[in-house]
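Enquirer: sequence plus the predicted model coming up.
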Amino acid sequence: MSGGIYWLASYPKSGNTWLRALLTNYLRNAEEPADINDLDFSGAGFMSEDFDEQLGVDSADLTPRQINHYRPLVYEQMAAETFAPLFLKVHDAFEHNDEGQPIFSKRATAGAIYLIRNPLDVAVSYAHHSDKSTDKVVRLMRYDDAMLGGSGTAGGQLPQKVKSWSSHVSSWADAPGLNVRVFRYEDMITRTVDVFTEIVRFAKLKVDESQVRKAVEFSRFERLQAQEAAQGFREKQPTADSFFRRGKAGTWREVLSESQVSRIINHHRTVMRRFGYLDSNDEILF
């Protein structure tokens, strides 16, 4: 195995936590499923404590521009310290800082695994996760100035420019010179073993079929739900009922109004068509 960072990149609520559970269970290859509150790759790509430790500076004392100036350097240092693939979860769009450098340094990057999910289902899941109205989330998903994090508190999140759903997807899928593979959440649901095997192979990990199947079994959505019900999940928002809600495709049909569906399609038609969520007649395929 060679080193370098593999970004686990996605717009929020697109399957990133499930992928982390799969990778954790695969790489640990233990006899019991990994604890959901002890998953690997939990967010070192955007957590302030990891940034502060690497840089030796309190990020709360820096402006967002200063943070983005240092982020490429921090990631290069992290990549230099590992000889095995390093997986880091990120929700940022693929952006450049004021010096024109990619925030996610290409020098540090071995590859990017980008998870995409039907924005109709993203809207429902994001509203549940954030305890916001669906209308508010539908609006948020069209804003190119949308942000996450930036609390400035110890152990909090760095400011993350998420942008709109379409801009987020395109920023990663079309990032010049980046070794990126896009995987659809819906394909992960229907062909979990096959798609996860592709992810393992893309990350240049040794493919072990029995180990893949065990990781898939240990990471079944029902198992993750049961763990959360028994012990809670620290990544759940305090106001949300649960983190692991449904884990299915097409739940938007039970929740979204015709107006909300139309607005999402109008805002994101081009990217939805590109990745197979709409046909040329705007028929929804998932």
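Expert: Here it is on my side, so go on.
Enquirer: so where is the stretch 101-250 of the chain shaky, pLDDT-wise?
Expert: By pLDDT under 70, the low-scoring segments of the stretch 101-250 of the chain are 150-155, 234-247.
Enquirer: try 90
Expert: Judged against pLDDT under 90, the low-scoring parts of the stretch 101-250 of the chain cover residues 128-131, 148-159, 221-249.
Enquirer: which residues in it form strands?
Expert: Ranges of strands in the stretch 101-250 of the chain, per DSSP state E, counting those that start in this stretch, are 109-116, 147-148, 160-161, 180-184.
Enquirer: partners of the second one, with directions?
Expert: Sheet pairing for strand 147-148, assigned by DSSP bridges, gives strand 160-161 (antiparallel).
Enquirer: same check, this time on the first one
Expert: Applying DSSP bridges to the sheet, strand 109-116 is found paired with strand 5-10 (parallel), strand 180-184 (parallel).
Enquirer: what is the mean pLDDT for the helix or strand that the longest one is followed by?
Expert: Right, strand 5-10. As assigned by DSSP states H and E, the chain's next helix or strand after strand 5-10 is helix 16-28. Helix 16-28 comes out with an average pLDDT of 94.
Enquirer: so which residues make contact with helix 16-28?
Expert: 8, 10, 33-34, 36, 39-42, 87, 89, 91, 113, 115, 188, 196, 199-200, 205, 211-212, 214-216, 218-219, 221, 224, 235, 243, 247 (C-beta atoms under 8 Å, 6 or more residues apart in numbering). To be clear about C-beta, it is placed using only N, CA and C from the backbone, and glycine gets the same treatment.
Enquirer: make it 6 Å
Expert: Here helix 16-28 makes contact (C-beta atoms under 6 Å, 6 or more residues apart in numbering) with 8, 10, 34, 39-41, 89, 196, 211, 215, 218-219.
Enquirer: can you name the next helix or strand after it?
Expert: Assignment by DSSP H and E places the next element after helix 16-28 at helix 48-55.
Enquirer: what about residue 36, how many residues nearby?
Expert: 25 (other C-beta atoms under 10 Å).
Enquirer: likewise for the one 3 residues further on?
Expert: Neighbour count for residue 39, taken as other C-beta under 10 Å: 20.
Enquirer: just to revisit the earlier point, to residue 156, which of the strands paired with strand 109-116 lies closest?
Expert: With C-beta to C-beta as the measure, strand 5-10 is the member of those nearest residue 156 (19.8 Å).
Enquirer: so for that closest one, what's the average pLDDT?
Expert: Rounded mean pLDDT across strand 5-10 is 96.
Enquirer: distance from the chain centre to it, please.
Expert: Relative to its parent chain, strand 5-10 has a centroid offset of 7 Å by C-alpha atoms, centre = their mean, to the nearest Å.
Enquirer: closest to residue 97 out of the strands of the stretch 101-250 of the chain?
Expert: Of all the strands of the stretch 101-250 of the chain, it is strand 160-161 that lies closest to residue 97, at 10.6 Å by C-beta to C-beta.
Enquirer: who's in contact with the closest one?
Expert: By C-beta under 6 Å, 6+ apart, strand 160-161 touches 46, 91-93, 95, 147-149.
Enquirer: one more: stretch 203-223?
Expert: With C-beta under 6 Å, 6+ apart as the test, stretch 203-223 has contacts from 6, 21-22, 25-26, 29, 33, 85, 192-193, 196-197, 200-201, 247.
Enquirer: let's see 7 Å
Expert: With contacts defined as C-beta atoms under 7 Å, 6 or more residues apart in numbering, stretch 203-223 is touched by 1-2, 6, 18, 21-22, 25-26, 29, 33-34, 85, 111, 192-193, 196-197, 200-201, 244, 247.
Enquirer: next, the distance between the ends of stretch 8-19.
Expert: Length of stretch 8-19, first residue to last, C-alpha to C-alpha, to the nearest Å: 8 Å.
Enquirer: whoops, stretch 77-91 was the one
Expert: 20 Å.
Enquirer: show me which residues of that stretch are buried.
Expert: 78-79, 85-91 (16 or more other C-beta atoms under 10 Å).
Enquirer: could you export the residues you listed as CSV, including pLDDT and secondary structure?
Expert: Converted to CSV, those look like this (pLDDT from 0 to 100; DSSP: H, G, I helix; E, B strand; the rest coil):
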residue, pLDDT, secondary structure
78, 88, helix
79, 91, helix
85, 88, coil
86, 91, strand
87, 94, strand
88, 92, strand
89, 91, strand
90, 92, strand
91, 93, coil
